[in-house]
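Enquirer: Sequence and predicted structure are below.
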Amino acid sequence: MTSPGSIHDAVIVGGGGHNGLVAATLLGRARRSVLVLERRERPGGAAISCATGAQTLTLFGLHMPARLFRDPATHADRKATAVAATLASLNGVLAEPIEDCLWRAPDGTACIEALTPPELEAELGMPGGHIFHRDLAWPFAEAEEELGTWGAQTAHPNVWLCGAGARRGGGVSGIPGHNAAQAVLAAWSST
């Protein structure tokens with residue numbers, strides 16, 4: 001095993017979202033050198049709120065396949081239909097319409113940013129606009145080789161997932177960041 005502080009003990013965390021920051025914190029507490037790379041000007045991912053005093057609500061419509069929005073001729077209409085259906089769904093469980101709580105632009109329109117899967121793919125680099133970067137997976141081991149693992153491993157040596165695409169993902173729960181940090185530490189302790 002290498003001595004603490006050597007280049008072999010350094011970890012690069014790609015992404016300063018919630019799970020990346022959890023992984024970096026846990027690895028730092030384990031006295032590892034950590035570098036967090038974030039493409040935006042500040043970390044936080046989906047947990048960032050506006051400086052205007054407004055709060056943001058991020059809603060991921062998981063059951064809207066990208067193929068529904070691929071045709072440019074129908075994209076705008078399908079997007080409007082999806083937004084209307086989402087607002088109606090929210091209103092079905094709220095005491096008052098969500099529209100009454102939304103900020104309004106000077107022209108009176110509701111301040112809603114809605115992105116379809118193709119727009120998410122183009123803007124954020126999410127394959128197919130998929131927030132989990134791949135198909136959802138059960139949080140438990142489904143194959144013998146997965147038993148006893150942290151669910152953060154990839155097909156590439158020394159590369160672990162610490163975001164929502166990890167086997168035991170969980171969006172901004174911190175679970176994937178925790179599990180990736182534990183996988184890194186376990187790999188180091190076995191060398």
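Expert: Structure's in. What do you need?
Enquirer: any low-confidence regions in this structure?
Expert: By pLDDT under 70, the weakly predicted segments of the chain are 1-9, 46-63, 131-138, 168-172, 191.
Enquirer: 80 instead?
Expert: Along the chain, the model assigns pLDDT under 80 to residues 1-10, 18, 39-42, 44-64, 124-141, 163-173, 190-191.
Enquirer: neighbours around Ala141, how many?
Expert: Ala141 is flanked by 14 other residues according to other C-beta atoms under 10 Å. Where C-beta positions appear, they are placed from N, C-alpha and C, glycine not excepted.
Enquirer: Name the helix or strand for it, please.
Expert: When secondary structure is defined using DSSP states H and E, no element contains Ala141, which sits outside every helix and strand.
Enquirer: pretty sure it is in contact with Leu147, am I right?
Expert: Yes. Using C-beta atoms under 8 Å as the test, Ala141 is close enough to Leu147 to be in contact (4.9 Å).
Enquirer: For the longest helix anywhere in the chain, name the packing helices and strands.
Expert: With secondary structure taken from DSSP state H, the chain has its longest helix at helix 75-91. Using 3 or more C-beta pairs under 8 Å, 6 or more residues apart in numbering; DSSP states H and E as the contact test, no helix or strand touches helix 75-91.
Enquirer: For it, list every residue counted as buried.
Expert: Residues Lys79, Ala82, Thr86, Leu87 are the ones in helix 75-91 that count as buried (16 or more other C-beta atoms under 10 Å).
Enquirer: Would you mind reformatting those (as a markdown table) and adding columns for distance to Trp188 while you're at it?
Expert: Converted to a markdown table, these look like this (distance: C-beta to C-beta, whole Å):
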| residue | distance to Trp188 |
| --- | --- |
| Lys79 | 47 |
| Ala82 | 45 |
| Thr86 | 44 |
| Leu87 | 48 |
